[in-house]
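J.: predicted model and sequence below, questions to follow.
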Amino acid sequence: MRTDPGTVLDRPPAGGQLRFGISTPGGPAATAERAATATAVGAEPELVLWFTDFGAAAPDTELAGATPIITWEPWRALGDGRYDRSAFPLTAIAAGANDDHVRDWARALAPHRAGLRFAHEFNGGWYPWSGDPASYVRAWRRIHDLIAAEAPGVRWIWAPNAPFAQAPVEWYPGDDYVDVLGLDGYNWGTARPGSRWVEPAELFGPALAALRELGKPVLVTEVGCAEAGGSKPDWITELVALLAADPAVIGFVWFDHDKETDWRLCSSPAAARAMAAALDPEARS
């Protein structure tokens, strides 16, 4: 049994509310980015998610008023959006080739409470850590055991990509190795060739039902909606209602980036107003 004080990831929100989180381009140090979005939607994020490559030093996880979620990606960032995709094969991680580095992370994380999301969206096929479930599970368990021995305040978030109708259990490290079930999903609308508008229930509904079978709390760890192809404000309203109605879901993290398209909550004043209303329990009652 854990003896650490825990994180908000251990405590389901009360009264049908959801824990609200964001990811912004500047990462954990981007206080101005978070403040701008918080002001626009009238809610301070309880969760802040960012991305770091596997070879980086463990980040400072001190965030005033928010729980950090570190997305730890097993490749090496080269800058300008380029990556060495072969730098950290899962087979090598599983065999212990990076144990010293993982122990460095464990020592750095030991005083802190944070979520750690290792090798996310493994079922999507676009990352180099996709394709080998057995090596994925072995690598996950190895780094989990090394870090858990020194950093009991870390919560482990296993995050497939939606949509799917059956949980990709061949990738699941096991109940003893996972604390929270993550889930990523985006409505691209017509922002790219061949894409179409997808409502929240179609995007997330079957996946949420499948994850409920695993019996762990669920956090939507990445979500975003394009402006092109439909009503983004309506989509936001429907998303929050869908998630709030699911007792397994503890919250969501909005991908507040202007990247492949403008995913930000401030992509339009109407989108920001919709999120403000959706996050207000009185407005939703």
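T.: Received, thanks. Numbering: from 1, shown residues only.

J.: Ala134 looks like it's in a helix, true?
T.: Yes - going by DSSP: H, G, I helix; E, B strand; the rest coil, the assignment for Ala134 places it inside a helix.

J.: enumerate every residue touching it.
T.: With contact set as CB atoms under 8 Å, 6 or more residues apart in numbering, Ala134 has no partners. To be clear about C-beta, it is placed using only N, CA and C from the backbone, and glycine gets the same treatment.

J.: relative to Pro217, how far out is it?
T.: From Ala134 across to Pro217, the span is 26 Å (CB to CB, to the nearest Å).

J.: ok, now which ones touch the spatially most central residue of the chain?
T.: In the chain, the C-alpha closest to the average C-alpha coordinate belongs to Thr221, at a distance of 2.5 Å (CA atoms, centre = their mean). Contacts were defined as CB under 8 Å, 6+ apart; by that measure Thr221 touches Leu49, Ile69, Thr71, Arg117, His120, Ile157, Ala159, Gly182, Leu183, Asp184, Phe252, Val253.

J.: for the first one, helix, strand, or coil?
T.: Under the three-state scheme (three-state DSSP), the conformation of Leu49 reads as strand.

J.: quick thing: my sequence starts at 565, can you match it?
T.: Okay, residue one is now 565; in that scheme the one you just asked about reads as Leu613.

J.: for Gly679, pull up the helix or strand it's in.
T.: When elements are assigned from DSSP states H and E, Gly679 belongs to strand 678-682.

J.: just checking, what packs against that strand?
T.: Using 3 or more CB pairs under 8 Å, 6 or more residues apart in numbering; DSSP states H and E, the elements in contact with strand 678-682 are strand 611-617, strand 631-637, helix 697-712, strand 718-722.

J.: contact partners of that strand?
T.: Taking CB under 8 Å, 6+ apart as the criterion, the residues outside strand 678-682 that touch it are 571, 573, 611, 613, 625, 631-636, 638, 673, 704, 707, 711, 717-723, 744, 746, 785.

J.: what's the answer for stretch 593-613, then?
T.: Taking CB under 8 Å, 6+ apart as the criterion, the residues outside stretch 593-613 that touch it are 572, 583-590, 592, 627, 629-635, 679, 681, 783, 785-786, 815, 817, 820, 828-830, 836, 839-840, 843-844.

J.: what residues of it count as buried?
T.: 594, 597-598, 600-601, 604-605, 607, 609-613 (16 or more other CB atoms under 10 Å).

J.: picking that back up, of all the helices and strands packed on strand 678-682, which one is nearest Ala809?
T.: Minimum separation from Ala809 across these (CB to CB) falls at strand 611-617, 20.1 Å.

J.: now the angle between strand 631-637 and the closest one, please.
T.: Between strand 611-617 and strand 631-637, the angle formed by their directions is 20 degrees, by axes from the mean of the first three to the mean of the last three CA atoms, to 10 degrees.

J.: what lines up beside strand 611-617 in the sheet?
T.: Strand 611-617 pairs in its sheet with strand 583-587 (parallel), strand 631-637 (parallel), by DSSP bridges.

J.: quick check: mean pLDDT across the longest one?
T.: Pointing back at strand 631-637 there. Mean pLDDT, strand 631-637: 96.
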